[in-house]
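>>> Attaching a predicted model along with its sequence, questions to come.
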Amino acid sequence: MTAILSEETKLRDEIAAVGKSLFDRALTFGSTGNISARLSNGDLLMTPTNASLGNLDPARLSRFTAEGVHVDGDKPTKEAFLHQCMYCQQKLSGAVVHLHSTYAVAVSILEDVDPDDVLPPLTAYYVMRVGSLPLVPYYPPGDTALANAVAEKAKNSHAVLLANHGPVVAGKTLRDAQYATEELEETAKLHLLLEGRRTRPLTPQQRNALLKTF
Ligand SMILES: O=C(O)[C@@H](O)C(=O)COP(=O)(O)O
Ligand SMILES: [Zn+2]
């Protein structure tokens, strides 16, 4: 019991610390974005709805059982279904991060993108951390149809981009999900910086070699 409690306390503190770090670096704004993380017994901790990621109270995070029942904490994020869908598809995931980070949101609004993989493989680190980025068609935030659309795209990718909204990224640990989301944002920025210029993304062979290694 003591071990479970200390694991939960640690994870609650980590969610608040990661949220503050993301918010302080302007990777999300106001009360946008949400974070969840999974305990070893399968329970999920999630950020409450309308909470600023910059100012989370670890004791008030929403907790769900592994079966998806909200058991304590504040009213959960309206994207709770969406987070649960990511865990269903990405079985090894221990955390999910959703942000409204500016460059990724900008890319999510572009018309002429490949919906199967929105960003080109510009750097090795992007391929290693993110890999591929399918675009999920637009649905209003909190719509259960959005969760179903995410589930479809997340079958083959731990990162997805919600059209006209923002990224959702799962990781083995909360730090993995955080770092992958940050890498996605930086690559979206590079992509927009390079617009109109001739570029030399990684070749399919170079990309595949990285995917095999990591
Ligand atoms: O865009 C939205 O409304 C949500 O996806 C979001 O980012 C914040 O919603 P809550 O987590 O319910 O505050
Ligand atoms: Zn959102």
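Sure thing, it's come through. Ligands and ions are numbered 1, 2, ... in the order given.
>>> Just the mean pLDDT for the longest helix belonging to the chain, thanks.
In the chain, assigned by DSSP state H, the helix with the most residues is helix 2-24. Helix 2-24 shows an average pLDDT of 91 in the prediction.
>>> repeat for stretch 68-85
Stretch 68-85 comes out at a mean pLDDT of 97.
>>> what does it contact?
34, 36, 44-49, 51, 60-65, 96, 98, 141-142, 144, 146-148, 150-151, 154, 168 (CB atoms under 8 Å, 6 or more residues apart in numbering). C-beta coordinates here come from the backbone N, C-alpha and C atoms, glycine included.
>>> What's the PyMOL line that selects buried ones from those?
Applying 16 or more other CB atoms under 10 Å to the contacts of stretch 68-85 leaves a buried subset, and the PyMOL line that selects it is:
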select buried, resi 34+36+44+45+46+47+48+49+51+61+62+63+64+96+98+141+146+147+150+151+154+168
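>>> of the contacts of stretch 68-85, list those near ligand 1.
34, 49, 98, 141 (CB under 6 Å from any ligand atom).
>>> In the chain, mark out all the helices, start to finish.
For the chain, the helices defined by DSSP H occupy 2-24, 80-89, 102-109, 124-129, 144-153, 174-193, 204-213.
>>> quick one on the thing from earlier: could you list the buried residues of the longest helix of the chain?
Those would be 8, 11, 12, 14, 15, 16, 18, 19, 22, 23, for helix 2-24 by 16+ other CB under 10 Å.
>>> right, quick check: that helix against ligand 1, any contact?
No: legend: contact between helix 2-24 and ligand 1 by CB under 6 Å from any ligand atom is lacking; minimum distance shown is 11.0 Å.
>>> Bridging across strands, which residues link to the residue nearest the centre of the chain?
Centroid-nearest residue in the chain, with CA atoms, centre = their mean: residue 169, separated by 2.5 Å. With DSSP bridges applied, the residues forming beta bridges to residue 169 are residue 97, residue 159.
>>> switch to numbering from 47
Sure thing, new numbering starts at 47, so read that last one as residue 215.
>>> ok, it touching residue 139?
No: in this structure, residue 215 is not within contact of residue 139 by CB atoms under 8 Å, at 9.5 Å.
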